Structure formats: C-alpha cells, structure tokens
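Novice: What shape does this take:
(2 chains)
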Amino acid sequence: MSATDILVISLLAFGVAMELTSVLGILVGADIYARLHFTGPASTFTPLALAVAVAIQYWVFSQAGVKAAITAVLIILLGPALVHATARAARVRQKGELE
Amino acid sequence: MNSYYLIAAAVLLVEIGPLLIFSVRAKPEDGLVALNVGSDIATLVLLLLAAGTGREPFFDLAIVSAVLSFAGGLAYARFLERWL
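Specialist: The predicted structure follows:
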C-alpha cells in the first residue's frame, strides 16, 4: 500500500465520518435550526475531502480531478443558500411572517 | 476499479436510510433538511462511484446532481413557505 493510497483512504474516511456526524445531528437535533446547523459538515468538509481524494488519485488537472472540484465547489457554495431558504421557510411557517 | 471509493460510496448510501425514514415521519420543514442532506449524499455517491469504477465521463452525473438537488431543495422551500 503506497503513501498515496493511505492519504486517499484517510480523506475518504474523514469525509464519510463528517457525513455521519451530520446525519446523527439531524436525527437528534432539538429543532429545525439545530438540524440546519448540523448540515454544515455535510456540505463543506465532506465534498472537500472527497474531491481532494479524487484529485490526488487521478491528478488535479485530469478530467476526473477538475469535475470532482467543480462538484465540491457547487455543493460548498450552494449549500448555505439552501440552508438560508429552508430556515426562512421554517420561520414563515412558525411565525406567519418573516419579520 | 478502486475499491476504496466503492466502500465509501456504500457507507454513504447506508446513511441515506435513516434520513429517508426521518423525512417521511418528521414535520415537513424538518423533513426538508433531511432531504437536502440526502441529496448531497446522493451527489457524493455518484462522485465516488465514478471515481471507483474509473469512468471519467460519469463525473458529469455528480455535477448535474449537485445543481439539480439545489434547485429542487429551493423549490421545496418556496412551496413550504407559501402554500404547504
């Protein structure tokens, strides 16, 4: 097993563990805002770790490396917007209005 | 074929199960949170499957899934806010 393999396995394990943390947080969260808080690791650390693992394995500027980076950037950038929209919807449903 | 990626994809797929059950049983806005994370996981599973099988064109599926899951989640949030 080479050093590259060990690095890739470590990144994959880290990414999967972060995703598991998020899932557990969502399942046991007290309310919707706590649950939204726990979506953070799933939409930042996991895509980053997995994209870096793919980039190391396939080379950064290969087709696979670039597409994995695009996927990770999309998830990282669009995740907070989705969290904001969900929190806004929850607030309106609870209070009847946003303000 | 690289088995590390396929094992990671399998573990991530298992994590979708509790989210699916939660999104069915919980309140709609709580279920939406689980749906959003579940769609993120599905996108990452596609990424890992493409990497594990070594089929580089399949990475496009993960990119399309990332964009469409965002659009779908946004549409659900707007519907929850206004009509549901």
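Novice: Can you show me the helices along chain B?
Specialist: Remark: helices assigned in chain B by DSSP state H are B:3-25, B:28-53, B:59-82.
Novice: If I look at residue 2, what pLDDT would I see?
Specialist: Defaulting to chain A. Residue A:2 carries a pLDDT score of 88 in this model.
Novice: The chain in question should be chain B.
Specialist: On pLDDT, residue B:2 comes in at 81.
Novice: and if you look at the one 3 residues further on?
Specialist: According to the prediction, residue B:5 has pLDDT 93.
Novice: Give me the neighbour count for it.
Specialist: Applying the criterion other C-beta atoms under 10 Å in any protein chain shown, we find 24 residues in the vicinity of residue B:5. The C-beta positions use only the backbone N, C-alpha and C, and glycine is treated the same way.
Novice: Would you agree it is in contact with residue B:49?
Specialist: Yes: A contact is recorded between residue B:5 and residue B:49 when judged using C-beta atoms under 8 Å, the distance being 7.4 Å.
Novice: Any buried residues in the helix ranked longest in chain A, and which?
Specialist: Taking residue count as the measure and DSSP H as the definition, the longest helix of chain A comes out as helix A:63-95. In terms of neighbour count (16 or more other C-beta atoms under 10 Å in any protein chain shown), helix A:63-95 has its buried residues at A:64-72, A:74-76, A:78-79, A:82-83, A:85-87, A:89-93.
Novice: Next one: that helix, is it in contact with chain B?
Specialist: Yes: using C-beta under 8 Å from any C-beta of the partner chain, helix A:63-95 comes into contact with chain B via A:63-64, A:67-68, A:70-71, A:74-75, A:78-79, A:81-83, A:85-86, A:88-90, A:92-93.
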